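Engineer: pasting the sequence and the predicted coordinates here, then a few questions.
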Amino acid sequence: MTARMLPHERIDEFVARLMQSAEVVAPRRVEVADVFYGPVSSPGEVAWDYGTAIEPLKRFLLPQRETMLRFSTDGGLKVEAECDERERVFLGVRCCDVTGLGVMDAMYGGDIPDPYYMSRRERSTVIALTCLEAPEETCFCVCCDAGPFLTEGYDQQWTSLPEGMLVEIGSERGEALARANEDLLAPAELDQIAARYRLAREAEKTFGDFKSYIAGAMAKLSMNEVDPEVWEQAAMRCTECGGCTYLCPTCSCFTVTDRMNGSEGVRERHWDACLNNCYAREASGHNPRPERSDRLRARFFHKISHQWAERNGRQACVGCGRCVVGCMAWAHMPAVTEGIRRGVMT
């Protein structure tokens, strides 16, 4: 492991330097207790002592409403693409959300890269913050290999120790950032690195009884051995509100629309959801997933099936628990995976 130590009293100075050359997106406390990821204007706005942010990071890389290009038909077709080229640092990001970015990278940076997503992603530095305190009641990242500590996927990973932040280097970008601030950093000692591993083991023990049966559900789902009654039972609960989709760090369904104003037009991309009745409807009017149970099955297949994981490197659930918080009907990931494993929704 390549690691440095950043004294606690120098953290604000480090953050201030980041802000000089990039937009710093960090956890911010809003309305007393709620924490959201958002741009900060001073180091003092960063909330270091938080559990899980209300929303994931994906809206910064895949905006809920995004202008893709502008065009004009006046005097011939003229098209001008729009790409976000801002430098960003995602600071103090929880491990589940960092893992979520990796899933999004696999989807949008594959054989046919999405230029809009990749324009933002290639200009982003990710600094993860490990979880040392007891997790939220709805967290199950340990079931998904997505926390509370990571071994890869970050540029830097910070762990708070009594004498400062242990800064693990995870990429060339993270190393370059460390070199640019070497006057604030010192080489980590062996006992400090050992403390990090001890804290990781202790953090994993703090998770309670709340869990998701990812492995068992993956096996049955991948082999098409799920009783259809499970999907019917789950569908009776689901209200198609979209809460699970919009709060999920890895859901990436979208639709594209063109809007015209005279001879001027704009093409926009908007978030969509596979649970929406009209999402899979074809131009002919045929809908291959007419029933809610069909759409639920497709959603969970694309989250945790072996086929999806083999193609993209891992399952698409990171155990952040936001679907549990957002679901109004107990049809979230842990509930459905338990139903798949047991053969009945309980």
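Structural biologist: Received it, and whenever you're ready, just let me know what you need.

Engineer: in space, what's closest to residue 6 - neighbours in sequence excluded?
Structural biologist: residue 165 (4.3 Å; CB to CB, 6 or more residues apart in numbering). Bear in mind the C-beta positions are built from the backbone N, C-alpha and C, glycine included.

Engineer: what segments of the chain are strands?
Structural biologist: 3-6, 23-30, 34-39, 65-72, 78-81, 88-94, 124-129, 156-161, 164-169, 186-187, 254-261, 264-271 (DSSP state E).

Engineer: for the shortest one, packing partners?
Structural biologist: What that stands for is strand 186-187. On a contact count with 3 or more CB pairs under 8 Å, 6 or more residues apart in numbering; DSSP states H and E, strand 186-187 meets strand 3-6.

Engineer: got the contact list for the strand it packs on?
Structural biologist: For strand 3-6, contacts defined as CB atoms under 8 Å, 6 or more residues apart in numbering pick out 14, 158, 161, 163-169, 178, 184-189, 192-193, 196.

Engineer: can you redo the strands of the chain as JSON lines with distance to residue 240, mean pLDDT and mean neighbour count?
Structural biologist: Shown next, in JSON lines, are the strands of the chain (distance: least, CB to CB, whole Å; pLDDT from 0 to 100; neighbours: other CB atoms under 10 Å):
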{"stretch": "strand 3-6", "distance to residue 240": "46", "mean pLDDT": "98", "mean neighbour count": "20"}
{"stretch": "strand 23-30", "distance to residue 240": "28", "mean pLDDT": "96", "mean neighbour count": "20"}
{"stretch": "strand 34-39", "distance to residue 240": "25", "mean pLDDT": "96", "mean neighbour count": "17"}
{"stretch": "strand 65-72", "distance to residue 240": "21", "mean pLDDT": "95", "mean neighbour count": "15"}
{"stretch": "strand 78-81", "distance to residue 240": "34", "mean pLDDT": "93", "mean neighbour count": "11"}
{"stretch": "strand 88-94", "distance to residue 240": "28", "mean pLDDT": "98", "mean neighbour count": "25"}
{"stretch": "strand 124-129", "distance to residue 240": "32", "mean pLDDT": "98", "mean neighbour count": "24"}
{"stretch": "strand 156-161", "distance to residue 240": "37", "mean pLDDT": "98", "mean neighbour count": "22"}
{"stretch": "strand 164-169", "distance to residue 240": "42", "mean pLDDT": "98", "mean neighbour count": "23"}
{"stretch": "strand 186-187", "distance to residue 240": "53", "mean pLDDT": "96", "mean neighbour count": "12"}
{"stretch": "strand 254-261", "distance to residue 240": "16", "mean pLDDT": "94", "mean neighbour count": "11"}
{"stretch": "strand 264-271", "distance to residue 240": "15", "mean pLDDT": "96", "mean neighbour count": "16"}
